[in-house]
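Undergrad: following is a predicted model, sequence given first.
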Amino acid sequence: MVSSESIMKMLEYSYDGIWITDGSGIILYANSANAALLGLRKEALIGKSTQQLLDEHIFSDSVIMEVIKTRKQATRISHNERTDLTVLATATPIFGENGEIEYIFNNVRDITALNNLRDSLKDKDAIIQSQKKQLQEIRTRYGVNKVVTVSPGFSRAVEVAERVAKFDGATVLILGESGTGKELIADIIVRNSQRQDGPFIKVNCGAIPESLLESELFGYEKGAFTGADSKGKPGLFEAANGGTIFLDEIGDMPYHLQVKLLRVLQQREIIRVGGTTPIPLDVRVITATNRDLEEMVQARTFREDLYYRLNVVSILLPPLRERREDIIPLAKHFLMVCNQKYKVDKQIHPDVMYLLEQYDWPGNVRELENMIENLVIMSQGDTIVREELPSKFFGNRSGETLISFQETIPLKDAVDQVEQELIHKAMEKYGSARKAAAALGVNPSTIVRKLQGGQKTGG
């Protein structure tokens, strides 16, 4: 017999959007996939009526309202104006003992891609082009580094990377905090470019000692310095000839070497350390940094002419705290990778997912990836529970209460605020008004009524 908790977990992991309303269209449960399709957080859905979502233009049509009227299963295609997605929604009434509709189960599937594909497959040439595009998308999104995102901000960065990849002569500057995925964006550019089969050299300018960086990048002639190879040595730029070089942490490049990089960009040639003969190059340059280069230009620690040469196209990557909708999909992805790597089958408890989503992730995606791997290794059971999280997850955002009172307020208002928070936490934990009500010792109708009341007053 499958437990109700297992059923709720399976609904949460469903690829399709799933939401459940009561007989009047009040939302009692919505999984993460459904919230992503609507472009909202789950908390913003629970307790709302379907009519409210229609009034707010969250979607253009409601299959649930049709079921309420006809008392029969219905299927419709509707358009979400917020996410610009087309979805196929099927709603099924569930009747109670008295013959009235007690619940409505709604299944939502994104068919935007199918519609686009249908429109494009009009003739032979369109079919060929569509197949090429699909193959390229598979290579890009499911290559060595899979892109996992539902965030509009990061999705735009991926789209820009795919677009600029076609313009071979353009240098690209990728900006973002440490761990936001700058190397991933560089990979996307290369995989979509005409240089995809050429060499791809990655260099962390901050990881190579300043005394060695020049010879590593530009190479050296024999006898250039004490300890040099007697035959000389080509540098990384020469190794990248015919392909791409990715200079990460470009803001750490010493000032005196910046003029040599500028020469590469302007003249398309390098001169080895200790040499005099220019060596022509055919190399695309992609750079990245987590530093403010404009501020460094003002402080005269970064050359202004080099900055403008590098910044032909810039791609800004948002930190993970500004793309919270990606936290749970990324956590699930890293969990799958770790399960395969260590040959285990672990799950993450919904309580833990909630805390992961609330945390600010100063180390961004890299920190999240490392945390999931740590939890998989250190957790004792098959399910990772909140007690196994480090204490940093129980700070201001992730603690037991988000309520604080800066000044004296009427006692009734304070009670209402605490009551609202307890209800929201119970809904997040148990996923339905019925289970939340049981945990809080009240009727399900009380939960729904108070959720509606809290939203109407802005609480």
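TA: Thanks, I have the structure now.

Undergrad: and the next helix or strand past the helix or strand of the chain with the lowest mean pLDDT?
TA: Least confident element among the helices and strands of the chain, by mean pLDDT, DSSP states H and E: helix 124-141 (a mean of 46). Where DSSP states H and E defines the elements, the next helix or strand beyond helix 124-141 is helix 152-164.

Undergrad: sheet-wise, list the partners of the helix or strand just after that following helix with their directions.
TA: Per DSSP H and E, the first helix or strand lying C-terminal to helix 152-164 is strand 172-175. Paired with strand 172-175 in the same sheet, following DSSP bridges, are strand 284-289 (parallel), strand 313-316 (parallel).

Undergrad: now stretch 343-352: average pLDDT?
TA: If you average the pLDDT over stretch 343-352, you get 91.

Undergrad: can you start the count at 777 instead of 1 from here on
TA: Noted, 777 is the first residue going forward, which turns the last one into stretch 1119-1128.

Undergrad: now do it: everything it contacts.
TA: 784-785, 788, 1107-1108, 1111, 1114-1115, 1132, 1151-1152, 1155, 1158-1162, 1164-1165, 1204-1205, 1207 (C-beta atoms under 8 Å, 6 or more residues apart in numbering). All C-beta atoms are positioned from the backbone trio N, CA, C, and that covers glycine.

Undergrad: for His833, which three-state class applies?
TA: Three-state call for His833 (DSSP: H, G, I helix; E, B strand; the rest coil): coil.

Undergrad: could you tell me the per-residue confidence at it?
TA: 76.

Undergrad: so how far is Asn810 from it?
TA: Distance, His833 to Asn810, by C-beta to C-beta, to the nearest Å: 17 Å.

Undergrad: and those two? Which one has more around it.
TA: Set His833 next to Asn810 and count neighbours by other C-beta atoms under 10 Å: Asn810 wins out with 25 against 10.

Undergrad: just give the closest residue to that one, not the sequence neighbours.
TA: Nearest in space to Asn810, with sequence neighbours left out and distances taken as C-beta to C-beta, 6 or more residues apart in numbering, is Gly793 at 3.1 Å.

Undergrad: what's opposite that neighbour in the beta bridge?
TA: The partner residues for Gly793, given DSSP bridges, come to Val884.

Undergrad: show me where the stretch 977-1126 of the chain dips below the pLDDT cut-off.
TA: 999-1006 (pLDDT under 70).

Undergrad: now the element after the helix or strand containing Met1203, going C-ward?
TA: Following DSSP H and E, one finds Met1203 within helix 1187-1206. Remark: after helix 1187-1206, the chain's next helix or strand is helix 1209-1216, criterion DSSP H and E.

Undergrad: tell me, how many neighbours does the residue nearest to Pro1056 when sequence neighbours are not counted end up with?
TA: Nearest residue to Pro1056 in three dimensions, chain neighbours excluded: Glu1045, at 5.0 Å (C-beta to C-beta, 6+ apart). Using other C-beta under 10 Å, Glu1045 has 13 other residues around it.

Undergrad: cool, Tyr879 as well?
TA: Other residues close to Tyr879 by other C-beta under 10 Å number 18.

Undergrad: who touches stretch 829-845?
TA: 797, 799-801, 814-816, 826-827, 849-858, 863, 865-869, 877, 880, 882.

Undergrad: what of stretch 936-945?
TA: With C-beta under 8 Å, 6+ apart, stretch 936-945 has contacts from 916, 946, 948, 961, 964-971, 1060, 1089, 1091.

Undergrad: quick one: contacts for Gln1042?
TA: Arg1085.

Undergrad: just want the angle from the strand or helix carrying it to strand 1060-1065.
TA: Assigned by DSSP H and E, Gln1042 belongs to helix 1031-1043. Put simply, helix 1031-1043 runs at 150 degrees to strand 1060-1065, going by axes from the mean of the first three to the mean of the last three C-alpha atoms, to 10 degrees.

Undergrad: in this structure Leu864 contacts Thr888, no?
TA: No. Counting by C-beta atoms under 8 Å, Leu864 stays clear of Thr888, with 10.2 Å between them.

Undergrad: what residues does Arg1060 make contact with?
TA: Asp944, Gly945, Thr947, Ser969, Arg971, Gly1019, Thr1020, Ile1021.

Undergrad: re the thing from before, contacting residues around the residue nearest to Asn810?
TA: So Gly793 contacts 806-807, 809-814, 863, 883-886 (C-beta under 8 Å, 6+ apart).

Undergrad: picking that back up, which residues belonging to the helix holding Gln1042 are considered buried?
TA: Using 16 or more other C-beta atoms under 10 Å as the test for burial, helix 1031-1043 gives Gln1034, Lys1036, Leu1037, Leu1038, Val1040.

Undergrad: apart from its neighbours in sequence, what residue is nearest Tyr879?
TA: Ile870 (4.3 Å).

Undergrad: element containing that neighbour, please.
TA: Using DSSP H and E, Ile870 falls in strand 861-871.

Undergrad: what are the pairing partners of that strand, and which direction each?
TA: Note on strand 861-871: by DSSP bridges, its sheet partners are strand 850-856 (antiparallel), strand 877-886 (antiparallel).

Undergrad: could you single out the most deeply buried of those?
TA: Each of these was scored by mean neighbour count; the highest is strand 877-886, a mean of 20, by mean count of other C-beta atoms under 10 Å.

Undergrad: pull the residues that contact that strand.
TA: With C-beta under 8 Å, 6+ apart as the criterion, strand 877-886 contacts 792-799, 801, 804, 810, 813, 839-840, 843-844, 847, 861-872.

Undergrad: related to what we said a few turns ago, tell me the contacts of the residue nearest to Pro1056?
TA: So Glu1045 contacts Arg1039, Pro1054, Ile1055, Pro1056, Leu1057 (C-beta under 8 Å, 6+ apart).

Undergrad: and if you look at Arg1067?
TA: Contacts of Arg1067 by C-beta under 8 Å, 6+ apart are Glu1025, Gly1027, Asp1028.

Undergrad: in TSV, list these along with distance to Phe976.
TA: Below are the contacts of Arg1067 laid out as TSV (distance: C-beta to C-beta, whole Å):
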residue	distance to Phe976
Glu1025	17
Gly1027	22
Asp1028	21
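
Undergrad: can I get the residues you listed in CSV including distance to Pro1126 and secondary structure?
TA: Below are these laid out as CSV (distance: C-beta to C-beta, whole Å; DSSP: H, G, I helix; E, B strand; the rest coil):
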residue, distance to Pro1126, secondary structure
Glu1025, 38, coil
Gly1027, 40, helix
Asp1028, 41, helix
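
Undergrad: and Val839, how many neighbours?
TA: Neighbours of Val839 using other C-beta under 10 Å come to 25.

Undergrad: how confident was the prediction at it?
TA: At Val839, pLDDT is 86.

Undergrad: give me the distance between it and Val1218.
TA: 31 Å.

Undergrad: picking up where we left off before, got phi/psi on the residue nearest to Pro1056?
TA: phi -160, psi 160 (degrees, to the nearest 10).

Undergrad: residue contacts, Leu1093?
TA: Contacts of Leu1093 by C-beta under 8 Å, 6+ apart are Phe930, Ala933, Ile950, Leu951, Gly952, Glu953, Thr956, Gly957, Lys958, Ile961.
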